[in-house]
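Enquirer: A structural model of the following input is requested.
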Amino acid sequence: MPARNKKQPQPLEPFPYAAHKAYALFGVVLGLCAFVAFSGVQDKFRNPWASALGAVTTALSIIVFWDHHRRHAAESEQSIVKSPMTSLLRVIAILGLAVGIAAFLGFLISGLFEKEKLTGTSKYIPSIWGFVTAKTAFLLLYCTNAYAARDKIATQHFALLGGQGGVMEETA
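Expert: Here you go, the predicted structure:
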């Protein structure tokens with residue numbers, strides 16, 4: 001009876017990495033622009049909440065970019081990185097998601113009750129940035145979980161090969 005071929009983990013194609021890196025860099029640029037614009041360059045656009053959420057979005061985007069870059073470098077070396085930081089990245093992503101959703105709903109409801117107009121200092125602007133923060137945090141959570149699942153499959157595959165392969169522990 002012929003042996004069944006086990007499905008071997010395949011490295012991701014360069015396109016998803018490039019697309020995720022481009023999205024993360026776009027988030028960094030967009031978040032920095034929001035941070036600078038709403039920090040008080042002009043008083044009529046001063047909005048500290050939008051500025052803070054732009055900074056949080058920038059930080060989350062930098063983490064997403066760093067994680068993609070680190071994982072892509074590990075796969076190009078034909079090794080699997082078993083990261084102890086996976087749980088930390090999940091916690092950061094969940095906190096960012098909670099902050100983003102709370103900001104989105106809180107500022108949206110507050111703006112609706114106060115019947116504000118769409119100006120540079122309205123509460124709708126931080127609401128939009130709360131949504132962007134939640135979206136970036138969701139991307140971080142999704143990618144972290146996808147990488148953890150790939151690492152688990154790859155580790156099991158290398159164990160089936162008798163421990164041969166490029167599994168390396170990463171120190172944070």
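
Enquirer: wait, Thr136 sits on Ser61?
Expert: Yes - in this structure, Thr136 is within contact of Ser61 by C-beta atoms under 8 Å, at 5.7 Å. Using the backbone N, CA and C atoms, a C-beta is placed for each residue, glycine as well.

Enquirer: average pLDDT for the strand or helix carrying Ser127?
Expert: Assigning secondary structure by DSSP states H and E places Ser127 in helix 124-160. Average pLDDT, helix 124-160: 80.

Enquirer: lowest average confidence, helix or strand, in this protein?
Expert: Within the chain, confidence by mean pLDDT, DSSP states H and E is lowest for strand 167-169 among all helices and strands, at a mean of 50.

Enquirer: residues shared between the contacts of Thr136 and Ser61?
Expert: Gly27 (C-beta atoms under 8 Å, 6 or more residues apart in numbering).

Enquirer: settle it for me: which of those two has more neighbours?
Expert: Thr136 (28 against 25; other C-beta atoms under 10 Å).

Enquirer: do you know how far that one is from Gly27?
Expert: 5 Å (C-beta to C-beta, to the nearest Å).

Enquirer: just to revisit the earlier point, how far off centre is the helix holding Ser127?
Expert: Centroid separation for helix 124-160 versus its chain: 6 Å, with C-alpha atoms, centre = their mean, to the nearest Å.

Enquirer: buried residues in that helix?
Expert: The neighbour-count check on helix 124-160 (16 or more other C-beta atoms under 10 Å) flags 124-141, 143-144, 147-148, 150-151, 154, 157-158 as buried.

Enquirer: next one: stretch 88-96
Expert: Leu89, Ile92, Ala93, Gly96.

Enquirer: Lys21: which of the residues you listed is nearest?
Expert: Leu89 (16.3 Å; C-beta to C-beta).

Enquirer: what's the neighbour count on the closest residue to Ala37 other than its chain neighbours?
Expert: Spatial nearest neighbour of Ala37, excluding adjacent residues (C-beta to C-beta, 6 or more residues apart in numbering): Phe45 at 6.0 Å. Number of residues near Phe45 (other C-beta under 10 Å) recorded here: 16.
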